[in-house]
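Enquirer: let me see the structure of the following:
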Amino acid sequence: MANTKSAIKYIRKTETRSLRNRQVKTRLKTFAKKVDAASAAGDKEALAVAARDFISTLDKAGKNGLVHPNKIARHKARCAQLLAAKAA
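Expert: Below is the predicted model of the structure:
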């Protein structure tokens with residue numbers, strides 16, 4: 001157990017941040033699944049919407065330092081490849 005007031009406050013802050021980060025990461029996984037499902041179904045419009053939402057959420061998570069920039073770039077590139085393949 002923490003001994004000082006500042007340590008107790010730090011524990012509270014960590015719990016709050018961990019909860020928020022977990023929510024964002026879960027949201028990212030959900031959008032990734034939606035992109036995969038739309039791609040498998042072959043629905044161009046649903047894929048475009050899902051990819052847009054997924055990329056937007058990725059960018060927001062990256063802005064807060066929650067996701068590594070290379071991971072963001074990799075997922076965005078894969079979404080672009082899927083969109084280009086379905087458009088052709």
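Enquirer: alpha carbons only for contacts and neighbour counts from here, please
Expert: Noted.
Enquirer: now the residue nearest the centre of the chain: which helix or strand?
Expert: The centroid of the chain falls nearest to Leu28 when counting by Cα atoms, centre = their mean (3.0 Å). For Leu28, the host element (DSSP states H and E) is helix 5-41.
Enquirer: how close does Ala51 get to Ile8?
Expert: 41 Å (Cα to Cα, to the nearest Å).
Enquirer: so for these two, which sits in the more crowded spot?
Expert: Ala51 (26 against 13; other Cα atoms under 10 Å).
Enquirer: so who does that one touch?
Expert: Listed by Cα atoms under 8 Å, 6 or more residues apart in numbering, the contact set of Ala51 reads Phe31, Val35, Cys79.
Enquirer: quick check: the second one touching Ala50?
Expert: Yes - look at Val35 against Ala50 with Cα atoms under 8 Å: they come within range, at 5.2 Å.
Enquirer: okay, and the spatially closest residue to Gly42 that is not a sequence neighbour sits in which element?
Expert: In space, Gly42 comes closest to Lys86 once its chain neighbours are excluded; the distance is 7.4 Å by Cα to Cα, 6 or more residues apart in numbering. Assigned by DSSP H and E, Lys86 falls within helix 69-87.
Enquirer: that helix versus helix 5-41: what angle between them?
Expert: 20 degrees (axes from the mean of the first three to the mean of the last three Cα atoms, to 10 degrees).
Enquirer: distance between helix 69-87 and the chain's centre?
Expert: 13 Å (Cα atoms, centre = their mean, to the nearest Å).
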